[in-house]
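>>> only the shape, not the letters, is given here:
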Ligand code: C5P
């Protein structure tokens with residue numbers, strides 16, 4: 001199977017005229033990184049927010065804008081544009097574009113392509129909160145839902161116009177996840193090879209309080225664990241993600257529990273059992289402050305800096321691996337090492353009692369910590385597999401696929 005569910009997919013991206021149009025540039029970049037090709041149509045209003053040059057530089061194709069441009073028709077007409085795509089994405093979808101879609105109005109290239117298509121359409125609305133909540137837009141929203149259009153967002157938050165509320169366009173990562181979910185559903189109409197399996201995943205750092213305003217933490221971004229959760233859900237697993245504090249949006253189709261400390265993370269994991277598979281990708285703090293202060297510690301002139309007394313945190317991976325009841329059938333840990341990666345990972349697999357270890361080199365020169373790429377080695381009881389340098393998303397998909405294969409082989413052997 002291809003490394004990414006998006007490789008070879010053709011996305012027709014329609015960029016409407018809204019301040020959120022700049023986020024569509026990031027979306028194009030991410031789609032192409034994952035192997036999708038992107039063809040873009042810009043409305044006239046979109047040209048006021050981003051330039052066709054930026055869009056075409058990122059998409060690697062010309063930008064389509066004019067319904068009556070004969071050169072365009074000769075190369076690729078409006079019917080052909082939508083016929084050629086696997087999915088149409090409208091981001092940002094303005095109130096105007098939504099209204100045109102809901103009423104079948106086809107006055108420019110964007111609205112014509114949307115009317116001429118029989119492909120799935122996913123839209124990411126972006127508009128002022130009053131425009132979104134207006135009865136007319138809500139009517140159009142209902143109509144589009146009934147027509148089978150898929151939506152991602154809008155999100156609630158601060159708006160460029162200074163107001164607060166629903167109307168912010170979904171972040172590029174969320175739109176990307178919705179696009180991936182669409183293609184995953186097509187790839188596995190019956191529910192995917194992990195259907196019926198429950199997986200528990202830990203991700204992100206933990207924050208261990210020193211006092212009400214300070215904490216001990218680490219540089220984990222949570223990206224790898226979130227990507228694994230998404231990949232497992234896409235293969236049909238019932239997925240529970242227990243996450244420390246991160247800036248990442250909840251992956252679609254995943255049950256999230258957000259926690260702060262290692263002890264909270266352990267309780268959330270125990271509460272999520274039984275599970276068939278546990279994947280501990282969190283960078284759990286090894287120690288916490290023995291007794292965190294109830295009030296903010298104050299700096300007193302002339303006094304010595306306070307000494308922090310640390311005590312050990314529970315080891316979640318080891319705890320899950322050594323359970324006598326409800327032990328997941330497959331427990332997977334991560335070993336982030338800065339030297340002797342394989343040697344340490346092999347020893348860690350035995351010490352923690354888990355079944356597999358995903359080992360990676362996180363020495364600063366690799367840029368893995370907080371970055372988007374990862375080189376991993378899978379250590380199992382049987383031996384070692386070296387994977388190439390891959391985006392974290394592709395590592396996640398490969399791991400999910402490997403887990404699915406493991407269970408199908410185990411079933412065949414029964
Ligand atoms: O011991 P070390 O932190 O290197 O082990 C890494 C593995 O153990 C990771 O899978 C991590 O999620 C897990 N771990 C844990 N609880 C801890 C420490 C690490 O689950 N307290």
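Alright, I've got the coordinates. What you are looking at is a predicted structure, and each value in this text was computed from that prediction instead of being measured. Residues are numbered from 1 along each chain as shown.
>>> so where do the helices sit in the stretch 301-414 of the chain?
Along the stretch 301-414 of the chain, the stretches classed as helices by DSSP state H, counting those that start in this stretch are 316-321, 341-352, 392-413.
>>> determine how far the longest one lies from the middle of the whole chain.
Going back to what we said before, that points to helix 392-413. Distance, stretch centre to chain centre, for helix 392-413: 19 Å (C-alpha atoms, centre = their mean, to the nearest Å).
>>> my read: residue 36 touches residue 10, true?
Yes. In terms of C-beta atoms under 8 Å, residue 36 counts as a neighbour of residue 10; the distance is 7.2 Å. No exception for glycine: its C-beta is placed from N, CA and C like everyone else's.
>>> okay, those two: which has more neighbours?
Applying other C-beta atoms under 10 Å to residue 36 and residue 10 shows that residue 36 carries more neighbours, namely 24 against 13.
>>> what sits against that one?
6, 7, 8, 9, 10, 11, 179 (C-beta atoms under 8 Å, 6 or more residues apart in numbering).
>>> for it, give its distance to residue 26.
Look at residue 36 and residue 26: by C-beta to C-beta, to the nearest Å, they are 14 Å apart.
>>> most distant residue from the centre of this structure?
residue 302 (48.8 Å; C-alpha atoms, centre = their mean).
>>> state the pLDDT value of that residue.
At residue 302, the pLDDT value in this model is 88.
>>> break this protein into its domains for me.
10-181, 190-295+303-413 (automatic domain parsing).
>>> what's the closest of those domains to the ligand?
Among the domains of the chain, the nearest to the ligand by C-beta to the nearest ligand atom is domain 190-295+303-413 (3.3 Å).
>>> just how off-centre is the helix or strand containing residue 57 within its chain?
Using DSSP states H and E, residue 57 sits within helix 52-59. In this view, helix 52-59 has its centroid 24 Å away from the chain centroid, taken as C-alpha atoms, centre = their mean.
>>> mind listing what's buried in that helix?
52, 55, 56, 58, 59 (16 or more other C-beta atoms under 10 Å).
>>> rewinding a little: kindly reformat the helices of the stretch 301-414 of the chain as a markdown table containing mean neighbour count, distance to the ligand and mean pLDDT.
A markdown table is the format used below for the helices of the stretch 301-414 of the chain (neighbours: other C-beta atoms under 10 Å; distance: least, C-beta to the nearest ligand atom, whole Å; pLDDT from 0 to 100):
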| stretch | mean neighbour count | distance to the ligand | mean pLDDT |
| --- | --- | --- | --- |
| helix 316-321 | 22 | 3 | 98 |
| helix 341-352 | 17 | 6 | 95 |
| helix 392-413 | 18 | 13 | 87 |
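>>> okay if I get those as a markdown table plus distance to residue 360?
Below are the helices of the stretch 301-414 of the chain laid out as a markdown table (distance: least, C-beta to C-beta, whole Å):
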| stretch | distance to residue 360 |
| --- | --- |
| helix 316-321 | 15 |
| helix 341-352 | 7 |
| helix 392-413 | 9 |
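>>> get me the contact residues on the chain for the ligand.
Residues of the chain found near the ligand (C-beta under 6 Å from any ligand atom) are 202, 262, 280-282, 284, 286, 313, 315-317, 333-335, 348.
>>> hang on, residue 82 packs against residue 13?
No. In this structure, residue 82 is not within contact of residue 13 by C-beta under 8 Å, at 11.9 Å.
>>> neighbour-wise, which of those two wins?
Between residue 82 and residue 13, counting by other C-beta under 10 Å, residue 13 is the more crowded of the two (25 against 22).
>>> bridged to the more buried one, which residues?
Beta-bridge partners recorded for residue 13 (DSSP bridges): residue 40, residue 89.
>>> wait, it sits on residue 23?
No. Applying C-beta under 8 Å, one finds residue 13 not in contact with residue 23, separated by 11.6 Å.
>>> follow-up on the earlier one: so what sits against both of residue 36 and residue 10?
Joint contacts of residue 36 and residue 10 (C-beta under 8 Å, 6+ apart) do not exist.
>>> so where is the stretch 51-200 of the chain shaky, pLDDT-wise?
Under the criterion pLDDT under 70, the flagged ranges of the stretch 51-200 of the chain are 68-76.
>>> all helices for it, in order.
Counting by DSSP H, counting those that start in this stretch, residue ranges of the helices within the stretch 51-200 of the chain are 52-59, 70-75, 78-83, 95-103, 109-115, 129-133, 135-146, 172-187.
>>> buried deepest among these, which one?
Neighbour counts (mean count of other C-beta atoms under 10 Å) averaged over each of the helices of the stretch 51-200 of the chain peak at helix 109-115, with a mean of 24.
>>> packing partners for that one?
Contacts defined by 3 or more C-beta pairs under 8 Å, 6 or more residues apart in numbering; DSSP states H and E place helix 109-115 against strand 10-15, strand 37-42, helix 78-83, strand 87-93, helix 95-103.
>>> thinking again about what came up before, can you select the buried ones among the residues of the chain next to the ligand for me in ChimeraX?
Buried residues among the residues of the chain next to the ligand (16+ other C-beta under 10 Å), as a ChimeraX selection:
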select :202,262,280,281,282,284,313,315,316,317,333,334,335,348
